[in-house]
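In: next one to model:
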Amino acid sequence: MSIRIQRFGEHRQMPWKNGLGITSEVISRPASDGSGGFDWRISLATVGASGPFSIFAGIDRTIAVLKGDGMQLTVDGRREPPLLVGSPPFAFSGDAEVQAICLGGETLDLNMMSRRRRFVHRMTKIDVSDVQTLSVTTDAVAVVFRDEALVAIDSLRSDVGLGDVLVGLDGPLELAVEPRGSGCMLYIIEVTACSGETPDAEQVA
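Out: Have a look, this model is predicted:
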């Protein structure tokens, strides 16, 4: 898959596992055991009301808020600090019982999931206050943008905005980012195989 910008409106819409909302799936790797699930998946979800998260047994998860008033999560009975725009990405087990309380109106969040003992993922938040060149490693599978910016990587040069995602990475690469405002925020997502697996993804737009 060649490097390109996958726009917010191009992500595939699908219902939540618990039926309480809609997720926009960005990119995923189908389950290698043929179960019909995934080995890892990046998605964007709109949360409009308080309620439980779906259970994903054997899955490790990381979440970050891209837009809105944020959420207060309770994970296996433990109340976590409020998850807001600008908060560090929050990692937790998909096996956990998670309750989310919306702290205001609708929230858009970024979700990364990977199957435990097959893949390990990392989500890194980067604040860009001026023109900056970022190093993208060979483990990177996507760069998710929150704010308007001009990005350049190899021969690609494009304006991006909320929920746009750079996919098809084949690092290591250098990514130049020029904020269109006083600053911008983006997330680099990396996936590492545990043993004998490859992080190749299936584009699902």
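In: what separation do you get for Arg180 and Val128?
Out: 11 Å (CB to CB, to the nearest Å). Where you see a C-beta, it was placed from the backbone N, CA and C, and this is true even at glycine.
In: who touches both of these two?
Out: Contact criterion CB atoms under 8 Å, 6 or more residues apart in numbering; residues shared by Arg180 and Val128: Ala149.
In: so those two - more neighbours on which side?
Out: Using other CB atoms under 10 Å, the more surrounded residue of Arg180 and Val128 is Val128, with 17 against 13.
In: show me the shaky parts of this protein.
Out: 1, 18-21, 196-199, 201-205 (pLDDT under 70).
In: contacting residues around Thr23?
Out: Contact analysis of Thr23 by CB under 8 Å, 6+ apart lists Gln13, Met14, Pro15, Trp16, Ser43, Leu44, Ala45, Asn111.
In: pretty sure the fourth one sits against Ala45.
Out: Read that as Trp16. Yes. The pair Trp16 / Ala45 is scored as a contact, 7.4 Å apart, by CB atoms under 8 Å.
In: who has more neighbours out of these two?
Out: Higher neighbour count among Trp16 and Ala45: Ala45, with 18 against 15, using other CB under 10 Å.
In: any idea how far Ala64 is from that one?
Out: 11 Å.
In: common neighbours of these two, please.
Out: In contact with both Ala45 and Ala64: Asp109, using CB under 8 Å, 6+ apart.
In: domain-wise, how is this protein divided?
Out: Domain assignment of the chain by automatic domain parsing yields the ranges 8-116, 120-203.
In: so which of those is nearest Ser2?
Out: Among the domains of the chain, the nearest to Ser2 by CB to CB is domain 120-203 (5.1 Å).
In: what about that closest one, distance to the chain center?
Out: Remark: domain 120-203 is offset 11 Å from the chain centroid, using CA atoms, centre = their mean, to the nearest Å.
In: cool, and stretch 114-129?
Out: The mean C-alpha position of stretch 114-129 is separated from the chain mean by 8 Å, CA atoms, centre = their mean.
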